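Asks: A structural model of the following input is requested.
(one chain, ligands or ions: 1)
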Amino acid sequence: MSYALETRGLDKHFGGLHVTRDLSLKIAPGARHALIGPNGAGKTTVINQLTGVLEPSAGRILLEGQDITDLPVHKRVLRGLSRTFQINQLYPDLTPLETIGLAVSERLGGGGNWWRRMGTRDDINAEIAETLERFRLLDVMNDPTSTLPYGKQRLLEIAVAIAAKPRVLLLDEPAAGVPEGERKDILAAVAALPRDVTVLLIEHDMDLVFSFADRISVLVSGALLVEGAPDEVARDPQVKAVYLGEAA
Ligand SMILES: Nc1ncnc2c1ncn2[C@@H]1O[C@H](COP(=O)(O)OP(=O)(O)OP(=O)(O)O)[C@@H](O)[C@H]1O
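Replies: Next up, the predicted model:
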């Protein structure tokens with residue numbers, strides 16, 4: 001079987017700092033897989049290698065069985081690998097309607113023609129409306145993104161990534177910084193992601209991780225400590241020690 005996403009012996013050094021250590025991950029098609037680990041474990045560095053922002057020092061990355069290690073970021077996106085960002089990278093002056101319209105139109109190769117397409121193509125209009133509704137953005141669809149509550153901005157980031165119709169989505173800390181009252185919308189949106197999209201989630205919020213994931217990999221000091229089903233990981237003594245150590 002080919003995996004949706006796989007790393008083989010991934011390794012990354014920053015000078016003398018060894019931040020990814022012989023990491024072999026296997027993410028099954030359709031999986032809800034979470035990558036967790038204490039601060040500084042190297043999760044973001046792994047994501048950056050998967051997307052092509054960072055070049056691994058050694059090892060290979062395979063997307064649906066194809067080696068993508070040497071492909072630039074945009075070619076990986078064209079092959080079906082998308083990510084959301086931990087830091088807000090949306091257009092602050094555009095509304096959610098315009099942002100999703102742009103994202104859908106980009107995927108269809110609309111380029112500068114997107115305004116015209118948006119108003120006239122029923123299929124595009126339907127997809128935009130469905131996306132706004134799925135991510136609970138209808139009520140704010142005409143407000144500039146910079147004025148939206150933070151939770152809505154995070155929802156818009158996920159919506160933009162989904163508008164690219166990825167086959168594998170890397171969700172980078174979708175709940176980070178979201179106030180308590182807005183978190184349930186993030187959980188609901190993440191739970192309602194299309195089942196045919198394989199998702200790799202990086203998240204510190206353990207409620208979100210354990211409600212979402214069917215498989216969890218625990219990274220410590222750049223290496224895989226434990227991997228398994230959520231209940232196995234939750235009762236693993238090594239995992240408990242790492243997290244209790246962090247809390248202490
Ligand atoms: N560009 C870089 N140059 C040098 N060191 C780096 C660089 N990027 C990350 N590091 C170091 O690599 C280690 C892993 O960092 P990384 O951000 O990947 O961890 P993380 O698990 O995502 O942490 P957090 O949960 O706090 O976001 C850290 O020690 C960090 O300081």
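
Asks: number of residues surrounding residue 168?
Replies: The criterion is other C-beta atoms under 10 Å. On that basis, residue 168 has 24 neighbouring residues. (Glycine included, C-beta is placed from N, CA and C.)

Asks: surely it meets residue 77?
Replies: No. Taking contacts as C-beta atoms under 8 Å, residue 168 lies outside contact range of residue 77: 10.6 Å.

Asks: sketch out the low-pLDDT regions of the protein for me.
Replies: 1, 85-89, 110-120, 244-248 (pLDDT under 70).

Asks: so which residues of it form helices?
Replies: 43-51, 73-78, 96-107, 114-120, 122-134, 150-163, 180-191, 206-212, 230-234, 237-247 (DSSP state H).

Asks: quick one, what contacts the residue nearest to the spatial centre of the chain?
Replies: Geometric centre of the chain, nearest residue: residue 171, 1.6 Å, by C-alpha atoms, centre = their mean. Listed by C-beta atoms under 8 Å, 6 or more residues apart in numbering, the contact partners of residue 171 are 83-84, 158, 161, 190, 199-203.

Asks: which one of these is nearest the ligand?
Replies: Nearest to the ligand among those is residue 202, at 7.1 Å by C-beta to the nearest ligand atom.

Asks: burial of that closest one, as a residue count?
Replies: 23.

Asks: give me the beta-bridge partners of it?
Replies: Judged by DSSP bridges, the bridge partners of residue 202 are residue 35, residue 172.

Asks: wait, it sits on residue 44?
Replies: Yes. Contact criterion C-beta under 8 Å: residue 202 and residue 44 qualify, at 7.3 Å.

Asks: residues shared between the contacts of those two?
Replies: In contact with both residue 202 and residue 44: residue 172, using C-beta under 8 Å, 6+ apart.

Asks: what's around residue 205, how many residues?
Replies: 19.

Asks: nearest spatial neighbour of it, skipping sequence neighbours?
Replies: Spatial nearest neighbour of residue 205, excluding adjacent residues (C-beta to C-beta, 6 or more residues apart in numbering): residue 175 at 4.5 Å.

Asks: go on, residue 80?
Replies: residue 167 (3.6 Å).

Asks: show me what counts as buried in the longest strand seen in the chain.
Replies: Assignment by DSSP state E gives strand 5-14 as the longest strand of the chain. By neighbour count on 16 or more other C-beta atoms under 10 Å, the buried set for strand 5-14 is 5-8, 10-12.

Asks: kindly report the same for stretch 59-66.
Replies: For stretch 59-66, by 16+ other C-beta under 10 Å, it's 59, 61-64.

Asks: one step back: and the residue nearest to residue 80, how far is that from residue 143?
Replies: Here the criterion is C-beta to C-beta, to the nearest Å. By it, residue 167 lies 31 Å from residue 143.
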